[in-house]
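**Q** Quick one: sequence and predicted model below, then my questions.
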Amino acid sequence: MTEIQIETAKMLLTSSKKIVILPHRNPDGDAMGSTLALYHFLKKLNHQPILISPNEFPNFLAWMPGSETVLIYEKDKVGTKAVLDQAELIFTLDFNALHRIGEMENDLTTLKAPFIMIDHHQAPDSYAEVTFSDTTYGSTCEMVYDFIAVLNGLELIDKTIATCLYTGIVTDSGSFKFPKTTGKTHRTVAHLIDLGIDNSEIHNLLFNNNSFESLQLLGKALQNMKLLKAQKTAYITLTQEELDRYHFQKGDTEGIVNYGLSIKDIIFAAIFIENKEEGIIKISLRSIGDFDVNQLAREHFHGGGHINASGGKSLVSMKETINNFEQIVKNNPKLKF
């Protein structure tokens, strides 16, 4: 953040305000961790924050402190619209373009309240009065920690806030194994642990909560995996029928895309998940090294994200989507070996 941005943020937070905090649609651990951490912090500054999620968050995050206070836009569009209309300040966390909140975007474009963006994805839009955007960070939670620091608020971080921040850092860093995990990341986490968080229990709550059906769905996904060996690519498909057969719940497919990268010599992995209700194929892309899946998602799949982790969607059938994907991969000069 520049000095001007820091001073503007401090000015916006000088007096008590009605503040709305927004994660992106289909919020993950970093989105929920960062927004809940900021929610608890702003309460300590005597603000009146309300967290609105565009849609339901996964069950494996429902244990997080403060999650019971989250309003769900899709469940109460009239009520949440009224909250938005009364907001004096709006934070958007872990996304940098308003289309990432889906239908809720229509209710934001008419608001007069200023926005503060905190995000680590590429190519931010210019809707915010304060834009804290930095792609060198591995998570938005680490950015929120530093945002609190520039507000001279580190002493206000308690076990509750630290738990939320740790959750986002550990999930977006792949349990500290992704390339953007730095010494500074570990120093931040060390401070959070010193504040009394139960890091072992957080890992247990995040990663050891599978249902029998979700493991069966994982098995089906792995059975569906295809390899394009010449392009060092692996991809998985899951149809709506397969999701229904194994009683899919939000969060059940989290992380499945990464299994492709565990195969020797594979540098690019993808998963395609049919969502008949929305009429789309949801796509997650992952890579190792310098193969840029953000660029691929932006150019071909209405999406984006990071160099090594991005998402998108396809508006055609699964069969046509896969045919398109295979052609894109086979024609990509960076996947010719």
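**A** Thanks, I have the structure now.
**Q** make it CA atoms for all contacts and neighbour counts henceforth
**A** Will do.
**Q** neighbours of the nearest residue to Glu74 once chain neighbours are set aside, just the number please.
**A** Among residues not flanking Glu74 along the chain, Asn55 sits closest, at 5.5 Å (Cα to Cα, 6 or more residues apart in numbering). Asn55: 19 surrounding residues under other Cα atoms under 10 Å.
**Q** Going by secondary structure, Asn55 is in what exactly?
**A** If you go by DSSP states H and E, Asn55 is not part of any helix or strand.
**Q** gap between it and Gly29?
**A** 14 Å (Cα to Cα, to the nearest Å).
**Q** Thr8 now?
**A** Distance, Thr8 to Gly29, using Cα to Cα: 28 Å.
**Q** Compare the two (neighbour count), which wins?
**A** Per other Cα under 10 Å, whichever of Thr8 and Gly29 has more neighbours is Gly29, with 25 against 15.
**Q** thinking again about what came up before, I'd assumed Asn26 was in contact with the residue nearest to Glu74.
**A** Yes - in this structure, Asn55 is within contact of Asn26 by Cα atoms under 8 Å, at 6.3 Å.
**Q** ok, Ile307 - contacts?
**A** Contacts for Ile307 (Cα atoms under 8 Å, 6 or more residues apart in numbering) come out as 287, 290-295.
**Q** of those residues, buried ones?
**A** Buried by 16 or more other Cα atoms under 10 Å: 287, 291-295, out of these.
**Q** Among those residues, which are located in helices?
**A** Counted as lying in helices by DSSP state H, out of the buried ones among the contacts of Ile307, are 293-295.
**Q** Kindly reformat those residues as TSV containing distance to Asp76 and pLDDT.
**A** As requested, those are exported to TSV (distance: Cα to Cα, whole Å; pLDDT from 0 to 100):
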residue	distance to Asp76	pLDDT
Val293	35	95
Asn294	33	92
Gln295	35	93
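**Q** Export those residues to TSV and append columns for distance to His191.
**A** Below are those laid out as TSV (distance: Cα to Cα, whole Å):
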residue	distance to His191
Val293	33
Asn294	32
Gln295	35
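**Q** and which of these is nearest to Asn96?
**A** Closest to Asn96 out of these is Asn294 (13.9 Å), distances taken as Cα to Cα.
**Q** Quick check: the closest one vs Phe301, distance?
**A** In this view, Asn294 and Phe301 are 10 Å apart by Cα to Cα.
**Q** Repeat that for Glu129.
**A** Per Cα to Cα, Glu129 is found 29 Å from Phe301.
**Q** quick one: low-confidence ranges for the protein?
**A** For the chain, no stretch has pLDDT under 70.
**Q** Show me what counts as buried in the biggest helix by length in it.
**A** Taking DSSP H as the criterion, the chain has its longest helix at helix 29-44. Across helix 29-44, burial judged by 16+ other Cα under 10 Å covers 29-42.
**Q** For that helix, name the packing helices and strands.
**A** If contacts are counted by 3 or more Cα pairs under 8 Å, 6 or more residues apart in numbering; DSSP states H and E, helix 29-44 sits against strand 18-22, strand 48-53, strand 89-93, helix 140-150, helix 159-172.
**Q** Redo these as TSV? Include distance to Val78.
**A** Formatted as TSV, the helices and strands packed on helix 29-44 follow (distance: least, Cα to Cα, whole Å):
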stretch	distance to Val78
strand 18-22	15
strand 48-53	13
strand 89-93	18
helix 140-150	29
helix 159-172	29
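**Q** between these, which one is nearest to Tyr259?
**A** Nearest to Tyr259, of all these, is helix 159-172, at 15.7 Å by Cα to Cα.
**Q** just checking, what packs against the closest one?
**A** If you count contacts as 3+ Cα pairs under 8 Å, 6+ apart, helix 159-172 packs onto helix 29-44, helix 140-150, helix 183-194, helix 199-207.
**Q** Also compute the angle for the third one relative to helix 140-150, please.
**A** Orientation of helix 183-194 against helix 140-150 (axes from the mean of the first three to the mean of the last three Cα atoms, to 10 degrees) gives an angle of 80 degrees.
**Q** buried set for helix 183-194?
**A** By 16+ other Cα under 10 Å, the buried positions in helix 183-194 come out as 185, 188-189, 192-193.
**Q** try the second one
**A** For helix 140-150, burial by neighbour count (16+ other Cα under 10 Å) applies to 140-148, 150.
**Q** Out of the residues you listed, which comes closest to Gln327?
**A** Closest approach between the buried residues of helix 140-150 and Gln327, by Cα to Cα: Thr140, at 34.0 Å.
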